[in-house]
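[1] Sequence plus the predicted model coming up.
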Amino acid sequence: MSTIEGRDGAWEMVIGLETHAQVASKAKLFSSASAKFGGAPNDHVAFLDAGMPGMLPVINQRCVEAAVLSGFGMNSTINLKSIFDRKNYFYPDLPLGYQISQFSDPIVSGGWLDIELEGGVTKRIGVTRLHLEQDAGKSIHDQDPYRTLVDLNRAGVGLMEIVSEPDIGNAEEAAAYVTKLRAILRYLGVCDGNMEEGSLRCDVNLSMRRPGDDLGTRCEIKNVNSIRFIREAIEFEARRQVEVLEDGGAIVQETRLFDPDRGETRSMRSKEESHDYRYFPDPDLPPLVLEQSYVDKLRAGMPELPDAKKARFVTELGLTPYNADVLTADRDNALYFEAAAEYRDAKAVANWVTGEVFGRLNKDDLAIGAAPVPAAELGALVDMIKAGKISGRQAKEAFEVMWAAGKTAQTVVDELGLSQISDGSAIEALVDQVMQANVDKVEEFRGGKPKLIGFFVGQVMKASKGQANPASVNAMLKAKLDG
Amino acid sequence: MSALSDLLRLNIAGARKGLKHKEFTARELTEAYLVAADDARPLNGFITETPERALADADAADARLQAGTAAAMTGMPIAQKDLFCTEGVRTTAASKILGDFDPPYESTVSGKLKADGAVLLGKANLDEFAMGSANITSAFGPVTNPWTPEGAAEPLTPGGSSGGSAALVAAGAAIAATGTDTGGSIRQPAALCGVVGMKPTYGRCSRWGVVAFASSLDQPGPITRSVQDAAIMLGSMAGHDPKDSTSATAEAVDFEAALAGGVKGMRVGVPREYRTDGMPTEINALWQQGVEMAKAAGAEIVDVSLPMTKMALPAYYIVALAEASSNLARYDGVRYCVREDGGDLAEFYANTRGTGFGEEVRRRILIGTYVLSSGYYESYYKQAQKVRTLIANDFNAAFHDVDVLLTPTTPSAAFAAADVDDPVAMYMNDIFTVPASMAGLPGLSVPAGFSSAGLPLGLQIIGKPFDEASVLQMGQAIEDAAGFDSTPRLLAGAKP
Amino acid sequence: MSLDRDTVANIARLARVNIADGELDSLAGELSQILNWVEQLNSVDTSGVVPLVGVGTAMAPLRQDLVNDGGQAEAVVSNAPDAVGPYFGVPKVIE
């Protein structure tokens, strides 16, 4: 258990995260308007999304699928019968005057996911539940001096609300939890996890207590939309609460917002008295009942998840845990690697991907989907090294050009005239030539200076204009020098 | 009798025949109804009249009749209860709050009638947001029952909430009308106006595009002059709608054809709990007559018990009002509605709604909000939904022994608004109709006799889920035996 | 259950329905009458009874994930009392 030091002793953070993940579906949860981000104002709006009289909800099966898959991804129980409830309150971005959500009988209960922390420590974070609900529209406060403008494009988009147990102990764990959850959802293809666009948002619930004490009063920090802000919000809020408590005050249970410019949380202005949401089962929607066979089929069709893939990369492909971790952190990266490594030396490919490819992606600020070198071409390049056609150094040179110009490995190698001398007799000739030109060094080597091998290798490489296969050169030199 | 009033006397079945045999055109029929609308205007049955649209619809109907592509409802001049969103035609739900709301969509049910070639005469008056049993809460004025005796001190109410629809049909100002029934809002006004009204099984007709009152109870249905007409019109209105998640996937039935079945051997249950304390003699007498009529037609009478009957009404008022309080939250002045400004957002909402909603609606929203609120949900709403299960169980048990049930529709004949002292007294008008609503069962009211004051009285037939056929068959038998003269009282050119 | 005017005022606030001060008492009376009347339900023994969730379809139908709605911003705002171009306008909300 990690603690922070207050003025008079240690304090423990108790953190739970509520994550809202937008379902990556084409249409909305209860209407057939587009769920796509953006769009001209009020263009992605069915009359139901605008709360018009007489409109009725019909459940999108893709959202149900997403919830079930996510449940499997978090080792949860899928509830074959779940109920949609109405959560009643008034706000301009809530056109029905209620949100259709799930309160008493959610589609998924329980579960956990494992997070990796510094020092190779693994911690299990419990999941309480996952339920489906509607997203709200957008209120725009700064475009008109006298009015708030409302755009309902987002109203009704499917959300999965995922509630963790209060098992998170600090900012690092919170960040690791969100990272892992996001990776799982992206692997499943159920959410794109784009926090900037708001497809993944977190509410942070935090309370402080002296180790061993009962739970303290918590505050909720709403809609924190980047992992960095989650860390900052936690750090600020923990200190704020400790200060209040150490000054003898009490924490007011309230909803707060994180201000990223100031790095502070502040109380939400008059979101009024605690809401009485008057939950009751939505009479427009009969219970959602799933067949076990449907659920089993979804499970059988699930893609390999990050933890399983990482384990497989280590045990079957022989990658280091570090590389396996780096390669599986994001699904698209993992898929790129797998495509490049197929039928090849996975370790070699792994080094190339984590080294050259990721290096260039970072430098050019690109995601793997925009990489100018497709996986197949990376593979082709690695094949050429293996076949001894080019050296590793030559390959790196070729890679730069492939990346910049978008050309194939073969094309670039040909254009640059890169080829490696691997032919035994050619190498022998070069070695002989160098040995003859450096008789004194040969004497010294044989006299007991094994480190001189480097000099000879260098000379041979120079004589071959860098094209000799270094391994062959080494072997030949050893044979000749010792012999 | 003028030719005009002859036309108006035809019910749907008769008009269908006349149109088919080219005795008159759809246009002529509609024109007759447009004249009738003038005569009937003092009743205040319409909120919005659509004469130009009616004539255009009639012309289109004539074209179909010519082409031989007419459906059963083609050319029939009907009124749509102003709870059905009709594209391009103002829809008010009889409330100030909707202002000049012009729906950009057509409800499924009104759309089906439109697609079948029915002619839209206008939007019928109703209790505001379908909340009422006398059509006195409309923001557009109350409706007068055409059976109001001449020289009466007070106009009689037509019942509600589909008061306008029932009055128009009874007055011969529409050949038929759509209504919606949540706790009796089709059956009760039909009974008080001496016409036929049917609430189908819940889910039989789509609720898409119908302004919602109580989602688990609302059901569109026909108000007509005869049982056969109700069967014809229901055939046009009913059907599975994938846009409504509560829409039944039950097989389509040719309701009109089913009428031929007759009732010989049908087992008719008479639920003893419907014999209430202080039941007016004439209601009881009519009920007995109904039993005799059924027997004479070959049915077998069975005494049954529905112990939860008395609890249905209070349970209904909890469930319906809870759902309504949530369904009416959307009327907030943001995307539609007449807006009232306020200081901040909460005031803006409260002013808009406080001004726009009438007293009965406000009362019901407050009760509904209260029974769902923190601390009360279990004791009110959840308890009511449990009682609802018991009510449904009662009917299930009874239907093991019988095919249909026979009861009075209302506890009295038509009354004047002043006769009802308080909200609860008004709610008691639904005492016989609410139980079937709570169980989602089909119910039909057929005019079967008169009160001592000469006002119409109806009998109700309740059936098993999706067995509208048996209900209609028994309704037909009662109608045949009762010989109720449902001649509309106000016909153009026919003064009493 | 008898409601007092304060309770009525609270419910009215929750329901966003403005009630004039002068109406609170009579409304409290009316609502109390209705609630007292519905309370007879408490006399029914419902132990072991499951609340009825809908009388019609037993299971919610699911629809295909297809986009075939929307693209009608004009119609969507056509009844708005204060549309600002394609947006709905409301009095300024301070968050």
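    Received the coordinates, thanks. Numbering: from 1, shown residues only, chains lettered A, B, ... in the order given.
[2] residues near residue 24, how many?
    This is for chain A. If you count neighbours by other CB atoms under 10 Å in any protein chain shown, residue A:24 ends up with 20. The way it works is simple: take the backbone N, C-alpha and C, and place the C-beta from them, glycine included.
[3] That was the other one, I meant chain C.
    Residues near residue C:24, counting by other CB under 10 Å, number 18.
[4] Which residue is the nearest non-sequential neighbour of it?
    The shortest distance from residue C:24 to any non-neighbouring residue, by CB to CB, 6 or more residues apart in numbering or on different chains, is to residue C:5 (4.0 Å).
[5] measure that neighbour to residue B:346 for me?
    Look at residue C:5 and residue B:346: by CB to CB, to the nearest Å, they are 19 Å apart.
[6] on that earlier part again, the residue nearest to residue C:24: neighbouring residues, count only.
    Residues contacting residue C:5 under the criterion other CB under 10 Å number 16.
[7] Go ahead and confirm it touches residue C:22.
    No. Residue C:5 lies out of contact with residue C:22 (CB atoms under 8 Å); the separation is 10.5 Å.
[8] what residue lies at the spatial centre of the chain?
    No chain was given, so I picked chain A. Against the mean C-alpha coordinate of chain A, by CA atoms, centre = their mean, the closest residue is residue A:183 at 4.0 Å.
[9] you looked at the wrong chain, it should be chain C
    Centroid check for chain C by CA atoms, centre = their mean gives residue C:15 as the closest residue, at 6.9 Å.
[10] Now that residue. Its backbone dihedrals?
    As for residue C:15, its main-chain torsions (degrees, to the nearest 10) stand at phi -90, psi 0.
[11] pLDDT value on residue A:425, please?
    Per-residue pLDDT puts residue A:425 at 79.
[12] Now do the SS call for it.
    Classification of residue A:425 by DSSP: H, G, I helix; E, B strand; the rest coil places it in helix.
[13] buried sites along the longest helix along chain C?
    For chain C, the longest helix by residue count, based on DSSP state H, is helix C:24-38. By 16 or more other CB atoms under 10 Å in any protein chain shown, the buried positions in helix C:24-38 come out as C:24, C:27, C:28, C:30, C:31, C:32, C:33, C:34, C:35, C:37, C:38.
[14] likewise stretch B:330-343?
    Residues of stretch B:330-343 classed as buried: B:330, B:331, B:332, B:333, B:334, B:335, B:336, B:337, B:338, B:339, B:340, B:342 (neighbour count, 16+ other CB under 10 Å).
[15] from those, which has minimum pLDDT?
    pLDDT is lowest at residue B:342 among the buried residues of stretch B:330-343; the value there is 76.
[16] tell me which element that residue falls in.
    Taking DSSP states H and E as the definition, residue B:342 sits outside all helices and strands.
[17] need the residues of chain A near chain B, please.
    Within reach of chain B by CB under 8 Å from any CB of the partner chain, chain A has these residues: A:47, A:50-59, A:86, A:88, A:90-92, A:95-98, A:150, A:272, A:276, A:278-280, A:283-286.
[18] Check these for burial and list the buried ones.
    Taking 16+ other CB under 10 Å as the criterion, what is buried in the residues of chain A next to chain B is A:47, A:50-59, A:86, A:88, A:90-92, A:95-98, A:150, A:276, A:278-280, A:283-286.
[19] Residue of chain A closest to chain B, please.
    As assessed by CB to the nearest CB, chain B sits closest to residue A:97 within chain A, at 2.5 Å.
[20] Tell me the spacing between the residue nearest to residue C:24 and residue A:396.
    Distance of residue C:5 to residue A:396, computed by CB to CB: 83 Å.
[21] any idea how far residue B:439 is from the nearest residue to residue B:252 once chain neighbours are set aside?
    Leaving aside its sequence neighbours, residue B:252 sits nearest to residue B:239 (CB to CB, 6+ apart; 6.3 Å). According to CB to CB, residue B:239 and residue B:439 sit 22 Å apart.
[22] Have a look at those two and say which one is more surrounded.
    A count of neighbours by other CB under 10 Å puts residue B:439 above the other of residue B:239 and residue B:439, at 26 against 16.
[23] doesn't residue B:387 make contact with that one?
    No. Counting by CB under 8 Å, residue B:439 does not reach residue B:387; the two are 11.5 Å apart.
[24] tell me what whichever strand in chain C runs longest is packed against?
    Ranked by residue count and defined by DSSP state E, the top strand of chain C is strand C:87-91. Applying 3 or more CB pairs under 8 Å, 6 or more residues apart in numbering or on different chains; DSSP states H and E, one finds that strand C:87-91 contacts strand A:147-151, helix B:345-356.
[25] Partner strands of that strand and their direction?
    Strand C:87-91 sits in its sheet next to strand A:147-151 (antiparallel), strand C:83-84 (antiparallel), going by DSSP bridges.
[26] Please indicate which of the ones you listed has the most neighbours on average?
    Compared across the strands paired with strand C:87-91, strand A:147-151 shows the largest average neighbour count, a mean of 23 (mean count of other CB atoms under 10 Å in any protein chain shown).
[27] Contacts for it next, please.
    Outside of strand A:147-151, the residues within contact range by CB atoms under 8 Å, 6 or more residues apart in numbering or on different chains are A:41-42, A:92-93, A:137-141, A:143, B:334, C:82, C:84, C:86-93.
[28] out of the residues you listed, which are buried?
    By 16+ other CB under 10 Å, these give A:41-42, A:92-93, A:137-140, B:334, C:84, C:86-91, C:93 as buried.
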